[in-house]
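Q: Let's see this in three dimensions:
(one chain, ligands or ions: 1)
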Amino acid sequence: MAAQSTTELAKKKCQPCEGGVEPYAARDAEQQLAQLPGWRLTHDGQRIRKDWNVKNFMVGIKFFDEVARIAEADQHHPDLHLEGYRRVWIEIFTHAIGGLSENDFILAAKIDQIPVDAKK
Ligand SMILES: C[C@H](O)[C@H](O)[C@H]1CNC2=NC(N)=NC(=O)C2=N1
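A: Predicted structure coming up:
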């Protein structure tokens, strides 16, 4: 499976997934992640995750608001975490298949286009 650039991914729209799709093998997922700085595999290669230290709590909340808009527009939804008032992390996987589909990488690429005020 050929890895796609972030630009290619971000131009795509998530496709409705109700199962019946083979999850990415860890090796393919790793290759795709090489194009997505900061994202890594978790849960035995079944999810992708990225962490941010944002400037303050409201920056985190506003970031989530932007992420939520994208997720709703594409009907593909990440797990959003905010702890310790500015430590943010996002996990993405395709619930319908219990693993990774192209949708997860599309969403990650779109999230990476959101400007986020990081801790100085
Ligand atoms: C039909 C539509 O794609 C599904 O209901 C969506 C909604 N959002 C979703 N988000 C994620 N992350 N995984 C899913 O399987 C999923 N299913």
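Q: Now residue 63: closest residue in space that isn't a chain neighbour?
A: Beyond its immediate neighbours in the sequence, the residue positioned closest to residue 63 (Cβ to Cβ, 6 or more residues apart in numbering) is residue 116, lying 5.1 Å away. Where you see a C-beta, it was placed from the backbone N, CA and C, and this is true even at glycine.
Q: so how many other residues sit close to that neighbour?
A: As a burial measure, residue 116 scores 17 neighbours (other Cβ atoms under 10 Å).
Q: doesn't residue 54 make contact with it?
A: Yes. When contacts are counted by Cβ atoms under 8 Å, residue 116 is listed as touching residue 54 (6.1 Å).
Q: re earlier: contacting residues around the residue nearest to residue 63?
A: 52, 54, 59, 63 (Cβ atoms under 8 Å, 6 or more residues apart in numbering).
Q: what do you get for residue 31?
A: Taking Cβ under 8 Å, 6+ apart as the test, what residue 31 contacts is 1, 3.
Q: and the gap between it and the ligand?
A: Residue 31 sits 21 Å away from the ligand, going by Cβ to the nearest ligand atom, to the nearest Å.
Q: Next one: that residue, what pLDDT does it get?
A: Model confidence at residue 31, given as pLDDT, is 96.
Q: Quick check: it is in a helix.
A: Yes. Counting by DSSP: H, G, I helix; E, B strand; the rest coil, residue 31 falls inside a helix.
Q: Give me the longest helix you can find in the protein.
A: Assignment by DSSP state H gives helix 57-74 as the longest helix of the chain.
Q: Can you point out the buried residues in it?
A: Applying a neighbour-count criterion of 16 or more other Cβ atoms under 10 Å, one finds 59, 60, 63, 64, 67, 70, 71, 74 buried in helix 57-74.
Q: okay, and the common contacts of residue 116 and residue 54?
A: The contact sets of residue 116 and residue 54 overlap at residue 63 (Cβ under 8 Å, 6+ apart).
Q: follow-up on the earlier one: save the buried residues of helix 57-74 as a markdown table, and put in distance to residue 112 and pLDDT too.
A: Listed next are the buried residues of helix 57-74 as a markdown table, based on distance: Cβ to Cβ, whole Å; pLDDT from 0 to 100:
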| residue | distance to residue 112 | pLDDT |
| --- | --- | --- |
| 59 | 16 | 97 |
| 60 | 16 | 98 |
| 63 | 12 | 98 |
| 64 | 15 | 98 |
| 67 | 11 | 98 |
| 70 | 11 | 98 |
| 71 | 14 | 98 |
| 74 | 14 | 97 |
